[in-house]
Structure formats: C-alpha cells, structure tokens
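Undergrad: Using only what follows, build the 3D model:
(one chain, ligands or ions: 1)
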Amino acid sequence: MTNTPRVTIWNEFRHEKRNAKIAAIYPDGMHEAIASHLRAEGMTVATATLDEPEHGLTEEALGRTDTLIWWGHTAHDEVSDGVVDRVQSRVLEGMGLVVLHSGHFSKIFKRLMGTSCDLKWREVGEKERIWVVAPGHPIAAGLGEYFEIPAAEMYGEYFDIPEPDTLVFVSWFQGGEVFRSGCCFHRGRGKIFYFRPGHETYPIYHQPEVLKVIGNAVRWAAPSGGPEVKFGHRPEPLESLRVGE
Ligand code: ZN
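TA: Predicted coordinates:
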C-alpha cells in the first residue's frame, strides 16, 4: 500500500461546458478541483474526460492508475461498453475505484453492483449532515463525528445496492430522508468506494472535509500489494499425494 497512489480522475465534463453557473463554480471542471487537492496531498494525478478518444481511459492510462475516480451524470449512455469492460477488468485485477455522487447510475457502477442502483432524490439545496458510522475505518481518518454540507441535493433510501462490505457514512437530510452515503465493496482483487456528495451546482468539491474523504478513499482503494492471482488447472500438488510414501 502506498501513501501516494497514482490516481486518474474521470469526469464526464459536460455541465461545466454548458452551464455558466456551474462553470463559475468549477472553471476548469470538477476533475481539476479534485485534482488540485490530491496533488497537494502528494499524489500523482491524471485526468480523463468523456470526449477524449476512448474517454481518456486507454489500456495504457488504466495501466498506470492505482485508483480511478468516476464522476458522471447526463451522459452515462455515451460511455462505450468496451471502456466499461476495460475498467471492470482492471478493478477485478486490483485497481481501486471511487464512484462519486450521480456516478451511482454509471454503467461501470451498475455493472460492478449488479443491481439497479436507483434511489430517491430532490433538488432544493437542503442541509446534509454526514455521520461517520465506522470511526476506525481509514476513509474516516481526520474527520469529526459528523460534517455538514450546507446546501445539497437530497439522495434518499432505499438505495438499491448490494449490502456494502463496510458502511462508513450515513447522511441525514433536512427534509427527513437518510442515505448510505459512504459504501465499501470488494470485487475480485479490487476495492470500490461509493461516496454520495457532489452535485454540480454546489461548490461541494471545494469543501475540505469532502476532499479529505476523497483522498482517504483513493489511498484505501489503491492496490494493497497482495500476491498475484493464478487460476486454472493445477496438476502438480505441493505435497506428495501417494499413499504410503
Ligand atoms: Zn446531482
């Protein structure tokens, strides 16, 4: 495990180009807001966006990625199935994946979860209070008991995901709903973290607690250096199986 993983931040990068209000919050895109924080934490950061060839996620780009961050919303269907296959393979091989906010409906997250990943939502800019429910987990390092986002889009239960391996955060919303907002999963050798905050019309990826969680999640999800996996026929046993020897 490394404290300075190589991270690639994938952003759909459409809202910021089409909506002046969103561009004012994220002039270089949400990916750059996150990237500048992770660079300050000492990580090697690359970015990739939907409109690049192969969405910027070539074999080479993924091969030099320890953890991939994913933000998408309006163009999930434009992500090619071949790229989704490639990302899934890398996760099963051990690459970390951090899926943010509306990425719950991305092809890659639904593929890895195997469920609809549907939820309730409301956009009125209400307060969100995010409670740490796994205080010993590395993704919660450096946080208080809870932190608040002053204006957020609400996501509410039921969230149709498989039971998380570890639940790190639960959100309460001013309107009364609750949501499992920080969920850890393992698939193959890979680790996946879903983190809810991040609607594009609010400056959420400028908030220190949110950026701290993303940095913690990138480090947690990065490959942990375990043995190479071998599958298939194994004709030679490690011990002699001959009776009476
Ligand atoms: Zn949203």
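
Undergrad: pLDDT weak spots in the chain?
TA: The chain contains residues with pLDDT under 70 at 1-2, 245.

Undergrad: quick one: the residue of it found nearest the ion from V178, how far?
TA: Here the chain gets closest to the ion at one residue, H199, 3.5 Å apart by CB to the ion. C-beta: built from backbone N, CA, C; applies to glycine. H199 is 17 Å from V178, where distance means CB to CB, to the nearest Å.

Undergrad: likewise E148?
TA: From E148 across to V178, the span is 15 Å (CB to CB).

Undergrad: you'd agree V79 is up against L50?
TA: Yes. V79 is in contact with L50 according to CB atoms under 8 Å; the separation is 6.9 Å.

Undergrad: and for these two, which residues touch both?
TA: G72 (CB atoms under 8 Å, 6 or more residues apart in numbering).

Undergrad: Find the centremost residue of the protein, please.
TA: Centroid-nearest residue in the chain, with CA atoms, centre = their mean: V98, separated by 1.5 Å.

Undergrad: right, and it touches V218 too?
TA: Yes. Using CB under 8 Å, V98 makes contact with V218 at a distance of 6.1 Å.

Undergrad: got any residues that touch both of the two?
TA: With CB under 8 Å, 6+ apart as the test, V98 and V218 both reach 67, 69.

Undergrad: circling back: quick check: closest non-adjacent residue to the residue of the chain closest to the ion.
TA: Excluding the flanking residues, the one nearest H199 by CB to CB, 6 or more residues apart in numbering is E153, at 3.9 Å.

Undergrad: ok so the one you found is a strand residue?
TA: Yes. Under DSSP: H, G, I helix; E, B strand; the rest coil, E153 sits within a strand.

Undergrad: What number of residues are in the vicinity of it?
TA: For E153, the count of nearby residues is 23 (other CB atoms under 10 Å).

Undergrad: What of P237?
TA: By other CB under 10 Å, 7 other residues sit near P237.

Undergrad: Repeat that for D118.
TA: So D118, with other CB under 10 Å, has 13 neighbours.

Undergrad: and if you look at P150?
TA: By the criterion of other CB under 10 Å, P150 has 12 neighbours.
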